[in-house]
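Student: When you get a sec, could you give me coordinates for this:
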Amino acid sequence: MSATIERSRRETQQQGFTDLEKAVINRLQHGLPLVASPYLAVAEELDISEQALLDTLEKLLEERVFTRFGPMFNAGEMGGGLTLAAMRVAEEDFDRVASQVNALDEVAHNYRRDHELNMWFVLATEAGEGIAEVIEQIEARTGYPVYNMPKEEEFHVRLHFPV
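Tutor: Numbers count the residues shown, from 1 in each chain. This next block holds a predicted model:
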């Protein structure tokens with residue numbers, strides 16, 4: 001199982017974390033082990049109780065230090081569709097469009113970018129042909145075109161932001 005923790009490095013560095021929180025953040029960025037009790041295994045690595053790990057994880061989620069913590073599935077390998085998409089949205093419409101896009105279950109990781117294409121997000125669907133359908137739905141709802149950028153090659157970067 002792979003776990004992801006979304007957090008900007010700048011925001012993380014601005015937070016004052018306890019030593020326990022730093023240890024948990026740093027360890028969980030590497031995922032969970034594939035064992036019957038993954039949280040217990042991580043807790044033992046950190047020399048803390050499983051409950052202390054779970055309490056710390058819950059606190060970090062509640063405080064929005066972690067905006068997402070959960071498994072990552074490869075939709076393409078499971079027969080689904082997966083693509084990166086972008087939009088050029090007028091500033092005065094950005095919040096409205098972001099709300100409409102984010103309301104769809106197929107949308108993840110929607111971010112504002114300082115770029116001509118200022119909204120970037122990931123689409124994941126149960127079937128490959130579902131991508132085109134969701135893009136059409138977004139365009140109809142928002143009135144803006146969606147630029148579809150499907151993956152041509154996969155790279156594993158193993159990004160880690162130590163705190």
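
Student: For stretch 45-58, which residues meet the burial criterion?
Tutor: Buried residues in stretch 45-58, defined by neighbour count with 16 or more other Cβ atoms under 10 Å: 46, 48, 53, 56-57. C-betas here are computed from N, CA, C, even on glycine.

Student: which SS class is Ala41?
Tutor: Recorded secondary structure, Ala41: helix (DSSP: H, G, I helix; E, B strand; the rest coil).

Student: Can you list the low-confidence ranges for this protein?
Tutor: Counting by pLDDT under 70, the chain contains low-confidence ranges at 1-15.

Student: what residue is smack in the middle of it?
Tutor: By Cα atoms, centre = their mean, the mean C-alpha position of the chain lies nearest to His109, the distance being 4.9 Å.

Student: State the helix or strand in which it lies.
Tutor: strand 107-112 (DSSP states H and E).

Student: ok, that strand: who's next to it in the sheet?
Tutor: Within its sheet, strand 107-112 is paired with strand 119-125 (antiparallel), according to DSSP bridges.

Student: and the strand it pairs with, how far from the chain's centre?
Tutor: Averaging C-alpha positions (Cα atoms, centre = their mean, to the nearest Å) puts strand 119-125 10 Å from its chain's average.

Student: And for that strand, what's in contact with it?
Tutor: Residues from elsewhere that reach strand 119-125, judged by Cβ atoms under 8 Å, 6 or more residues apart in numbering: 75, 80-89, 94, 97-98, 101, 106-113, 131, 133-135.

Student: re earlier: can you give me the separation between the residue nearest to the centre of the chain and Tyr39?
Tutor: 25 Å (Cβ to Cβ, to the nearest Å).
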